[in-house]
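Student: starting from these lines, generate the structure:
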Amino acid sequence: MGDADVPRRAAAHRAAFHPSRVTEESYHAVRRAWPYRPDLDWIAEAPDGSAAAFCLVWLDEANRAARIEPAGTAPGHRRRGLARAACLAALDAARRAGARQAGGSPRGDDAYPGPVRLYRSLGFRECARSLAYRRSV
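Tutor: Residues are numbered from 1 along each chain as shown. Just a heads-up that it's a prediction; the model follows:
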């Protein structure tokens, strides 16, 4: 990922996570945040040059741990393995940078099974689940 890739990366994020507030400006801010590394930010390019899928990995060098956040695919490109390819490339780059373990926290409830399929295809296994509680007052 370079500065020139930001417009298509931000557009892919908005498409994948509609509605999303990610803009080119906000993604430039992500790129300036510590510990962002451009070598751990990957896109799968569509034939038209747009970003079809993406994966950003954050590396905790002290603990040698990588975390996927986020990964996604624009709707017109889903179910083709593109997010998986972007994640594998980003995770390989993280391994070469020193990571020895990786994780993520995808939404994986029964109404939204895509993230679970992606993470399982990458070899991840479930180790925890978060539950949300709500109360009317």
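
Student: could I get the full set of strands for the chain?
Tutor: With DSSP state E as the definition, the chain shows strands at residue ranges 41-45, 51-60, 65-73, 101-104.

Student: export stretch 21-35 as PDB, just CAs?
Tutor: Output in PDB follows, covering the C-alpha atoms of stretch 21-35 (Å, rounded to 0.1, in the frame of the first residue of the first chain):
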ATOM      1  CA  ARG A  21     -17.400   6.300   7.600                       C
ATOM      2  CA  VAL A  22     -14.000   5.500   6.100                       C
ATOM      3  CA  THR A  23     -12.800   8.300   3.900                       C
ATOM      4  CA  GLU A  24      -9.500   8.900   2.100                       C
ATOM      5  CA  GLU A  25      -8.700  11.400   4.800                       C
ATOM      6  CA  SER A  26      -9.500   8.900   7.600                       C
ATOM      7  CA  TYR A  27      -7.400   6.200   5.900                       C
ATOM      8  CA  HIS A  28      -4.500   8.600   5.600                       C
ATOM      9  CA  ALA A  29      -4.800   9.000   9.400                       C
ATOM     10  CA  VAL A  30      -4.700   5.300   9.800                       C
ATOM     11  CA  ARG A  31      -1.500   5.100   7.800                       C
ATOM     12  CA  ARG A  32       0.000   7.800  10.100                       C
ATOM     13  CA  ALA A  33      -0.900   5.900  13.300                       C
ATOM     14  CA  TRP A  34       1.600   3.900  15.200                       C
ATOM     15  CA  PRO A  35       2.300   0.900  14.600                       C
END
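
Student: let's have the strands of the chain in CSV, adding mean pLDDT, distance to residue 8 and mean neighbour count.
Tutor: For glycine as for every other residue, the C-beta is placed from the backbone atoms N, C-alpha and C. Formatted as CSV, the strands of the chain follow (pLDDT from 0 to 100; distance: least, CB to CB, whole Å; neighbours: other CB atoms under 10 Å):
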stretch, mean pLDDT, distance to residue 8, mean neighbour count
strand 41-45, 97, 7, 21
strand 51-60, 98, 4, 24
strand 65-73, 97, 13, 21
strand 101-104, 95, 23, 16
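
Student: and stretch 74-91, how far apart are its ends?
Tutor: With CA to CA, to the nearest Å applied, stretch 74-91 spans 20 Å between its terminal residues.
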